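In: need a 3D model of the following:
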Amino acid sequence: EVQLVESGGGLVQPGGSLRLSCATSGFTFDDYAMSWVRQAPGKGLEWVSAISWNGDSTYYAESMKGRFTISRDNAKNTLYLQMNSLKSEDTAVYYCAKGPSDSYHPDQYDYWGQGTQVTVSS
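Out: Alright, predicted model coming up:
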């Protein structure tokens, strides 16, 4: 059974940092690209970032470039998202999502985690 379990969310002040983790099991982690997707209150899903199977290729939504860093540890079957310089508009539930292949394809996911809440507020 494929499982994706996010953690690391919480309440942080504007300008602060958080590191999200996504622990995975039930599939060969280093065979697949992975992504982070978020959903702000009352809004639709927004793609945040993606990483290829080996971490050599990373991709970011324009508003996250320079602030967020995606990474993975294939030995630990874990995906990460380091978020710096957080803004109130980053408040959302953050989901990790598994891609269908080793390279990133926009909007193609076959499994999702349950999400972790990130709230940026003073």
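
In: leaving out sequence neighbours, find the closest residue to Asn74.
Out: Nearest in space to Asn74, with sequence neighbours left out and distances taken as Cβ to Cβ, 6 or more residues apart in numbering, is Asp30 at 4.0 Å. Glycine gets a C-beta too; all of them are placed from N, C-alpha and C.

In: in space, what's closest to the residue nearest the centre of the chain - neighbours in sequence excluded?
Out: For the chain, Trp36 is the residue whose C-alpha lies nearest the centre (Cα atoms, centre = their mean; 2.6 Å). Leaving aside its chain neighbours, Trp36 sits nearest to Val48 (4.2 Å; criterion: Cβ to Cβ, 6+ apart).

In: hey, where'd the strands end up in this structure?
Out: Using DSSP state E, the strands of the chain run over 3-7, 10-12, 18-25, 34-39, 45-51, 58-60, 68-73, 78-83, 92-98, 111-112, 116-120.

In: which helices and strands does the second one pack with?
Out: Packed against strand 10-12 by the contact rule (3 or more Cβ pairs under 8 Å, 6 or more residues apart in numbering; DSSP states H and E) you find strand 116-120.
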